[in-house]
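# Provided below are the primary sequence and the corresponding predicted coordinates.
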Amino acid sequence: MSAAAGIPAAYPAEWRTPSRGRTAMFALIIAESALFTIFVVAYVFYIGKSLSGPTPRQVLDVPVFATICLLSSSLTIGLAERAIHRNRVGGFALWLGVTICLGLIFLGGTAIEWHKLIYQDGLKIYTNLFGTTYYSLVGLHATHVVIGLTMLLIVFLFTLARRVGEQHAERIGVLAMYWHFVDAVWVVVFTVVYIIGR
Amino acid sequence: MGENSLRLPSSIDLAPSRRFTETFPEWLHEWVVTVDHKRLGMLYIVYAIFFLLVAGAQAIAIRIQLAFPGNHFLVAQAYNRFFTMHGTTMVFLVGMPILFGFGNYVVPLQIGARDMAYPRLNAFSFWLTAFGGLFLYYSFLGGGGLYGVGTAPDVGWWAYAPLTAKAFSPGHATDYWALALIASGFGTLGTAINIIATVISMRCKGMTMMRLPLFSWLMLVVSSLTLITITPLTAAQIMLVIDRYLGGHFFDTQAGGSAVIWMHFFWIFGHPEVYVLVLPAFAIANEVIPVFSRKAIFGYPAMVAASVGIAFISLSVWAHHMFTVGMTSVSNTFFVLSTMMVGIPTGIKIFNWLATMWGGKIRFATPMLFCTAFLYQFLIAGLTGIMLSVAPWNWQLHNSYFVIAHFHYVLVGAIVFCIFGAIYYWYPKATGRMLDEKLGKWHFWLFLIGFHVTFDTMHFVGILGMPRSIYTYQPDRGWNTLNLIVSSGGIIQGVAVLLFAINLIWSYFYGQEAGNDPWDAWTLEWGTSSPPPPYNFAEDPVVRSRRPLWDLKHPEDPDWEYES
């Protein structure tokens, strides 16, 4: 039997499918959004339903500085991405380092805030519904910041070891998508916890 | 020859020769460390079939207990554990893994790819899922905690609050339920992301989205739905764990928490989950029905649109599980109407399958028998679903055996039938041998009869008022004969499944040689050897239509002349 029956070509000369990294990260972001949605819904549903104090208005301060740091880290990682696309590894390392620092400042802000809440105001996760929903939602977001920072730090170490170049631009773009998502979620969490819920 | 690298299935001989020389540890090691999508797919399927037998045995124990009034086969506590584990196992350890197993095995072959987009993530997801299942079953030993005798979860697969609170469920049984499902949920999520990336990014040359075989299309839809279905359950279970371990109050009614919000969260997961399970069944029917009717699928774009439509509508119907909770009449009306709307796209699908069969040269081999039965049974399941979506009717029948009969008609009558059909259809591809047709026909007819004896009768028990989840009943309720009939049907199904298990093992060693393309099918997985080599295709295929093998076998009348 003849090996092949010819089928004339009728596909675009250049066959390209979407990037699998971006597709997968997009899917992960959708899944994570659903996860956060449930926690946000629970938070909103339980606003003002605590049977005992302390209430958000009594103890929560708006973390303006930490928020500015986290949101501007989206800008700096964008600059890092642009640098690696142009194969400027030095600039990439600089902006990546700044991004990591901004993320760490944000986490530090959360740590200070929680320390105050726990030791000064006596708000623990089992104190009341506010404590339960607050620590779960903000903690879930902080967990994502920690995961993002870990990945950024790994890339940073590889950059210092001179192992990162232009060829990694797409992967770094995928990681940046995750970091933008973490920032975007903070906008929602911030609005719900510190503006609507307070 | 041109640039096409596809070859007629009959001219391919790539199958790795069966090796019996390797030692058992070598063989085991190969299967444990594998990242090959075909092996992982088979691991998923074998894992699921194992738990199918386990949960099936639990169902039979439940039915023996209910066969006679005042029976003492199972004590009440054991009965609760058995129906909890039966439901949890069937949904999370049988339904999801087996469908993702088929997705894993078939999708890369069908789209002409070498493997999934992320082979290692694939292996990780499988082992996470497997760990979740074993962890759940370990609860039989460790569920009571250090001081207890050991129990499995007994809170129902829906685990309503506040029964799951520490005060009402002491010990660790409920924690095993939550933690095992969180673990397997992450595994499911990994596979879902993997399938999406595979279908979107790994398609071979010429395979546009509108030439994608419907099986792969539906797996894409299912995986996307899984992303937003499993995560709410994971979130709710994390909240439950916070409640139980850290003293949180999410579902603690004593501290202002709400038990009803658990129901909402659970069914926001639970109802789309039904479609996560049934859409792959549709996907299987989409492959089997055209091949055995010898016609291209009728209304391909409508099938795609209907599948996406079902996925969307399924996100807005969850509270039809909660009519008896007492919602406002506005929400009742909304959920009645949205539930009824599911009937439109599913109706389109049923008519398209019928139109595919219409005028075709139908071959009633075992896969087709199962898919034909699926069509009728799914129709009935859909109709009782419409009945239950009417709020007043639901108030009457909620939590009765009518509901049990309805959803088993979907889960068994539609999904399990299609899964059996799929195993008969793709087993030759995976093993190189046909499943025995004679045993297959016995399996089909016994299972069909057993299914109808059990679940048709169960509707009547439900209408006569028998509630679900009771471990026994009094003899003067008028349910005795019907329950005995239901239980005897269960035994017939058990025998049929045993025949099937025997067939699986016997045919692996003694089955008839299948060849590369035993069904004269049209999608790419039949264009390589049986079993396929680890690299799937010697050269990357190029396709011009939805039925690349048809084009190859019929160069005088190719499909691409008709598809725009």
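That came through fine.
# in chain A, what residue is nearest chain B?
A:Tyr126 (3.2 Å; CB to the nearest CB). Bear in mind the C-beta positions are built from the backbone N, C-alpha and C, glycine included.
# Next up, the contacts around A:Pro56.
Applying CB atoms under 8 Å, 6 or more residues apart in numbering or on different chains, we find A:Pro56 in contact with A:47, A:130, A:134, A:193, A:197-198.
# re earlier: does the residue of chain A closest to chain B really touch A:Ser136, like I thought?
No - applying CB atoms under 8 Å, one finds A:Tyr126 not in contact with A:Ser136, separated by 11.8 Å.
# Comparing these two, which residue is more hemmed in?
For A:Tyr126 versus A:Ser136, neighbours defined as other CB atoms under 10 Å in any protein chain shown are more numerous around A:Ser136 (21 against 15).
# The more buried one and B:Pro533: what is the separation?
Distance, A:Ser136 to B:Pro533, by CB to CB, to the nearest Å: 49 Å.
# just B:Ile261 next, same as before
For B:Ile261, the distance to B:Pro533 (CB to CB) stands at 52 Å.
# again, but for B:Phe451
38 Å.
# who's more crowded, these two?
Higher neighbour count among B:Phe451 and B:Pro533: B:Phe451, with 23 against 14, using other CB under 10 Å.
# contacting residues for the more buried one?
Taking CB under 8 Å, 6+ apart as the criterion, B:Phe451 is in contact with B:377, B:412-413, B:417, B:489, B:493.
# and it, what pLDDT?
Looking at B:Phe451, its pLDDT reads 97.
# Which pLDDT value belongs to B:Glu150?
I think there's a mix-up here, since residue B:150 is Gly and not Glu. At B:Gly150, the model reports a pLDDT of 71.
# Check the spacing between it and B:Tyr471 real quick.
B:Gly150 sits 20 Å away from B:Tyr471 when distances are taken as CB to CB.
# And for A:Val98?
Applying CB to CB, one obtains 64 Å for the distance of A:Val98 from B:Tyr471.
# With B:Ser201 instead?
Note on B:Ser201: its distance to B:Tyr471, by CB to CB, is 51 Å.
# and what of B:Gly462?
Note on B:Gly462: its distance to B:Tyr471, by CB to CB, is 17 Å.
# first to last residue in stretch B:394-407, what's the distance?
With CA to CA, to the nearest Å as the measure, the first residue of stretch B:394-407 is 14 Å from its last.
# ditto for stretch B:403-417
The first and last residues of stretch B:403-417 sit 20 Å apart, counting by CA to CA.
# circling back to that earlier point, counting neighbours, go ahead and name the busier of B:Gly150 and B:Tyr471.
For B:Gly150 against B:Tyr471, the residue with the higher neighbour count under other CB under 10 Å is B:Tyr471, and the figures read 18 against 15.
# And the pLDDT for that one?
B:Tyr471 is assigned a predicted lDDT (pLDDT) of 94.
# what secondary structure does it sit in?
Reducing the assignment at B:Tyr471 to three states with DSSP: H, G, I helix; E, B strand; the rest coil gives coil.
# What values do phi and psi take at it?
B:Tyr471 adopts backbone torsions of phi -90, psi -20, taken as degrees, to the nearest 10.
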